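**Q** Here's a sequence, model it:
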Amino acid sequence: MKNKVLKLCKRLNKVTASEIAPILMLDEKEVSNILNELVSEDKLTVREDLIYFYKEVGSQKSNPIFLEYHPKEESEFILKCYCIGVKTEQCAFLLGIGDATAQKYNMYFRKIIYQNQLAELKKYFNKKPKLPKMRTFYDTEVYFYMYDNKLFVVDKPLKSNIDYQHTRDEKLRIKVLYSRLRRSINHSNKKKFMHHHVAEGILRMHLSDVELIDYLKKYINF
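**A** Numbers count the residues shown, from 1 in each chain. Have a look, this model is predicted:
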């Protein structure tokens, strides 16, 4: 029966015990127990209002095609340059490659950072949705959320029928971190994919250059 409940949750994406009990022809309490077991097995997530969400099991993604055309040593060198803050034109000059190639790598690294923090944010949000705090970088809007003293960013607000406000301390913390990010994101050419640049800036607040290298290596198969 547990597998049947899981399959139904996967098909509907979000459910409540009262909604699916008649479909399964089970008592609501029995369905609640099964749903909670699936949460404990990390197959579902549950929000404070007892709405259960199917948890996608992420398959390992292959590298983008452009990585396949560069030797491992070259890719690792570009990664190190990115993590220690070497400009793309300088990195390209040292390797004898085009600046556009180095930029493509850096965009890919930022995309990984953004997607990882987005996945973590959604886990928090599904349990307790909050109203975002909108801020701008060079007239480009981004939206901040804070959970467990961690700052997250998205380009568009996450949607929910029930939204909680950030606490006063969280609002103050967002304000402080936004000011720090404004100083580091200091060029208008970052307007494209601004949310990726902001996610990068947030991560760099917490990781050293070496830690950032190790972090990204976990998600890239050179």
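
**Q** hmm, who's touching the strand of greatest length in the chain?
**A** Criterion DSSP state E: the longest strand present in the chain is strand 140-147. Here strand 140-147 makes contact (Cβ atoms under 8 Å, 6 or more residues apart in numbering) with 121, 124-125, 128, 130, 132-136, 151-158, 166, 170, 173-174, 178, 191, 194-195, 198. The way it works is simple: take the backbone N, C-alpha and C, and place the C-beta from them, glycine included.

**Q** and if you look at stretch 104-119?
**A** Contact with stretch 104-119 is made by 58, 64, 66-67, 75, 78-79, 82, 88, 152-154, 193, 195-197, 199-200, 202-203, 216, 219-220, as judged by Cβ under 8 Å, 6+ apart.

**Q** re the thing from before, now the following helix or strand past the longest strand of the chain - C-alpha only, PDB.
**A** Next helix or strand after strand 140-147 toward the C-terminus (DSSP states H and E): strand 150-154. In PDB, the C-alpha atoms belonging to strand 150-154 read as follows (Å, rounded to 0.1, in the frame of the first residue of the first chain):
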ATOM      1  CA  LYS A 150      20.700  31.100   5.500                       C
ATOM      2  CA  LEU A 151      20.100  33.600   2.700                       C
ATOM      3  CA  PHE A 152      18.600  32.300  -0.600                       C
ATOM      4  CA  VAL A 153      17.800  34.100  -3.900                       C
ATOM      5  CA  VAL A 154      15.500  33.600  -6.800                       C
END
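
**Q** Domain map for the chain?
**A** By the assignment in automatic domain parsing, the chain contains the domains 2-54, 65-217.

**Q** ranking the ones you listed by mean pLDDT, which is last?
**A** Lowest mean pLDDT within these: domain 2-54, at a mean of 87.

**Q** about what we covered before: Provide the strand pairings for the longest strand of the chain, with the direction of each partner.
**A** Paired neighbours of strand 140-147 in the sheet (DSSP bridges): strand 133-137 (antiparallel), strand 150-154 (antiparallel).

**Q** Need the residue in the protein that's farthest from the chain's center.
**A** Met25 (37.6 Å; Cα atoms, centre = their mean).

**Q** how big is the angle separating the longest helix along the chain from strand 150-154?
**A** For the chain, the helix with the greatest residue count under DSSP state H is helix 99-127. Taking axes from the mean of the first three to the mean of the last three Cα atoms, to 10 degrees, helix 99-127 and strand 150-154 form an angle of 110 degrees between their directions.

**Q** Check which residues of helix 99-127 are buried.
**A** Residues of helix 99-127 classed as buried: 101-102, 105-106, 108-110, 112-114, 116-118, 121-122, 124-126 (neighbour count, 16 or more other Cβ atoms under 10 Å).

**Q** just the strands in this structure please.
**A** Using DSSP E, strands in the chain cover 14-15, 44-46, 52-54, 133-137, 140-147, 150-154.
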